[in-house]
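Trainee: only the shape, not the letters, is given here:
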């Protein structure tokens, strides 16, 4: 039982590239659009009428970000933002795209930004648990598309991967592993891990992500929905107390009914039930939840290479970065003269790393994009790219944004403005060379002022201590 995660090319094999974008990002909709680094990479690596990339050798799938309006109405997007359920669909979409295109020997590349970065990492972990099916549940050929293939993808995500999501991993790990074992047995997709443990039969060749965050449940949106529900119920009660007409009573009950149905729908999506779990019980159940703790930082040791670009200056309280991998695995995974996992810090806030600002304010994000492309090119057989559409102008002294200040400068109510919290950065964290270059400049543009670059998060970092003078 081998696990495929090869960067070497085999005859007839192809690259499968999955691009998962950040919240609200849906590149390519308008001609003069603010583009994320994920969409820029997708645009350069997809096949199509403006590309000479042969689809027989490389296919690319682009997954718009949470709340982008793709694949659902406005109400559905609001509910997904409130309860974090939208990411489940994104994970299933990406995994289904892999199942649709994968053939033995193919190489899988996963890319993501923001919550899309977390999505890409989750997809990798679905592959770790479930692999890529080689047959249907009855032993026949695997569907190549349609509702049957979608059902397989949703089982892998909703029943297996999300079992215990957002909760203490240890509490539900045995149940989730058993769910995964049953899936692999049904679809003949078992492989072998670094320690000879059974796992999925396929692992990604490369994962490249920009500033992973996973603030998946919108607290503000949930509060607004809860407040509207209370008001709607009060309105319905008032209709009876004031002896309104029948039509008025029906109209007053409708908002409350719709909101209650919405809450029930969201709760149903988060209910996880397992028949005959380990331990001899008939069934077990719990509600999965997406919150600001118990994130999945697991990185399969069978992944070829993993790269993570992180934002030094992101200062929104609800945008903490999600660490990746474990030191014990980093120490024992051998990839020759190349590092298995690199997590490198760059100057700028969240979208100064992952892109999506106006193009004339995107020089910092060009730095992170250039680094990611360089890491890709270092592979033995990198993906094909149309470099004519990748025009980068990196500048270590370029404009830096601040979403906390921007939200307070806007007309939003104060309770909707971002609360500040600087990121804690290890004093030995890996800094990109451009960070030192930015420190050395006498002054750089930082939102609304020009001043020396001295981020609070790096005050104790050994490579830049000399710049602080205290």
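Mentor: Thanks, I have the structure now. Computed from a predicted structure; not experimentally measured.
Trainee: which stretches of the stretch 101-250 of the chain form helices?
Mentor: When assigned using DSSP state H, counting those that start in this stretch, the helices of the stretch 101-250 of the chain occupy the ranges 115-130, 146-154, 169-187, 219-241, 246-270.
Trainee: comparing the ones you listed by mean pLDDT, which bottoms out?
Mentor: Ranked by mean pLDDT, the helices of the stretch 101-250 of the chain end with helix 219-241 at the bottom, a mean of 63.
Trainee: test of understanding: give the bridge partners of residue 18.
Mentor: On the basis of DSSP bridges, residue 18 is bridged to residue 61, residue 110.
Trainee: which parts of the stretch 351-470 of the chain are strands?
Mentor: Per DSSP state E, counting those that start in this stretch, the stretch 351-470 of the chain carries strands over the ranges 430-431, 444-446, 449-451.
Trainee: turn the ones you listed into JSON lines, including mean pLDDT, mean neighbour count and distance to residue 390.
Mentor: Quick note: C-beta positions are derived from backbone N, CA and C, even for glycine. Listed next are the strands of the stretch 351-470 of the chain as JSON lines, based on pLDDT from 0 to 100; neighbours: other C-beta atoms under 10 Å; distance: least, C-beta to C-beta, whole Å:
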{"stretch": "strand 430-431", "mean pLDDT": "98", "mean neighbour count": "18", "distance to residue 390": "24"}
{"stretch": "strand 444-446", "mean pLDDT": "97", "mean neighbour count": "19", "distance to residue 390": "24"}
{"stretch": "strand 449-451", "mean pLDDT": "97", "mean neighbour count": "10", "distance to residue 390": "30"}
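Trainee: looking at those, which is closest to residue 202?
Mentor: strand 430-431 (29.0 Å; C-beta to C-beta).
Trainee: off-centre distance for that closest one?
Mentor: For strand 430-431, the separation from the chain centroid amounts to 22 Å (computed by C-alpha atoms, centre = their mean, to the nearest Å).
Trainee: any idea how far residue 405 is from the closest residue to residue 277 other than its chain neighbours?
Mentor: Residue nearest to residue 277 in three dimensions, not counting chain neighbours: residue 284, with 4.5 Å by C-beta to C-beta, 6 or more residues apart in numbering. Using C-beta to C-beta, to the nearest Å, residue 284 is found at 47 Å from residue 405.
Trainee: ok, residue 376 touching residue 207?
Mentor: No - taking C-beta atoms under 8 Å as the definition, residue 376 is not a contact partner of residue 207, at 11.0 Å.
Trainee: more neighbours: which of those two?
Mentor: The neighbour count for residue 376 versus residue 207, taken as other C-beta atoms under 10 Å, is higher for residue 207 (27 against 19).
Trainee: mind giving me JSON lines with the strands of the stretch 351-470 of the chain and columns for distance to residue 14?
Mentor: JSON lines is the format used below for these (distance: least, C-beta to C-beta, whole Å):
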{"stretch": "strand 430-431", "distance to residue 14": "32"}
{"stretch": "strand 444-446", "distance to residue 14": "43"}
{"stretch": "strand 449-451", "distance to residue 14": "49"}
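Trainee: scan the helices and strands of the protein for the one with the lowest mean pLDDT.
Mentor: Every helix and strand of the chain was ranked by mean pLDDT, DSSP states H and E. The lowest is helix 74-83, at a mean of 57.
Trainee: spit out the contact partners of residue 55.
Mentor: Residues near residue 55 by C-beta atoms under 8 Å, 6 or more residues apart in numbering: residue 47.
Trainee: per-residue pLDDT, it?
Mentor: 95.
Trainee: so how far is residue 39 from it?
Mentor: Look at residue 55 and residue 39: by C-beta to C-beta, they are 19 Å apart.
Trainee: repeat for residue 465
Mentor: Computed with C-beta to C-beta, the distance linking residue 465 and residue 39 is 38 Å.
Trainee: neighbour count: the two, which is higher?
Mentor: A direct count of neighbours by other C-beta under 10 Å for residue 465 and residue 39 places residue 39 higher, at 24 against 13.
Trainee: the more buried one contacts residue 21, doesn't it?
Mentor: Yes - Residue 39 lies in contact with residue 21 (C-beta under 8 Å); the separation is 6.2 Å.
Trainee: stretch 413-423: how far from the chain's middle?
Mentor: A distance of 22 Å separates the C-alpha centroid of stretch 413-423 from that of its chain, computed with C-alpha atoms, centre = their mean.
Trainee: and that stretch, what's buried?
Mentor: Of all the residues in stretch 413-423, those buried under the rule 16 or more other C-beta atoms under 10 Å are 417, 418, 423.
Trainee: the closest residue to residue 19 other than its chain neighbours - how many residues pack around it?
Mentor: Of all residues not flanking residue 19 in the chain, residue 42 sits nearest, at 4.2 Å (C-beta to C-beta, 6+ apart). Look at residue 42: counted by other C-beta under 10 Å, it has 23 neighbours.
Trainee: so residue 42 is in which element?
Mentor: Element membership of residue 42, judged by DSSP states H and E, is helix 37-45.
Trainee: so for that helix, mean pLDDT?
Mentor: Rounded mean pLDDT across helix 37-45 is 97.
Trainee: which residues sit against the helix or strand where residue 345 lies?
Mentor: Residue 345 belongs to strand 341-346 when elements are defined using DSSP H and E. Identification of contacts with strand 341-346 by C-beta under 8 Å, 6+ apart yields 299, 305-312, 323-325, 330, 333, 352-353, 364, 367-368, 371, 375, 425, 429-432, 434-435.
Trainee: what about residue 152, distance to residue 102?
Mentor: Separation of residue 152 from residue 102 (C-beta to C-beta): 12 Å.
Trainee: now do residue 269
Mentor: Distance of residue 269 to residue 102, computed by C-beta to C-beta: 27 Å.
Trainee: neighbour count winner among the two?
Mentor: Neighbours were counted for residue 269 and for residue 102 using other C-beta under 10 Å; residue 102 has more, 22 against 19.
Trainee: contact partners for that one?
Mentor: Residue 102 touches 16, 108, 132, 202, counting by C-beta under 8 Å, 6+ apart.
Trainee: looking at it, the first one is touching residue 110, isn't it?
Mentor: I take that to be residue 16. No - using C-beta under 8 Å, residue 16 makes no contact with residue 110, being 9.3 Å away.
Trainee: in the stretch 351-470 of the chain, where is pLDDT below threshold?
Mentor: Within the stretch 351-470 of the chain, the stretches with pLDDT under 70 are 470.
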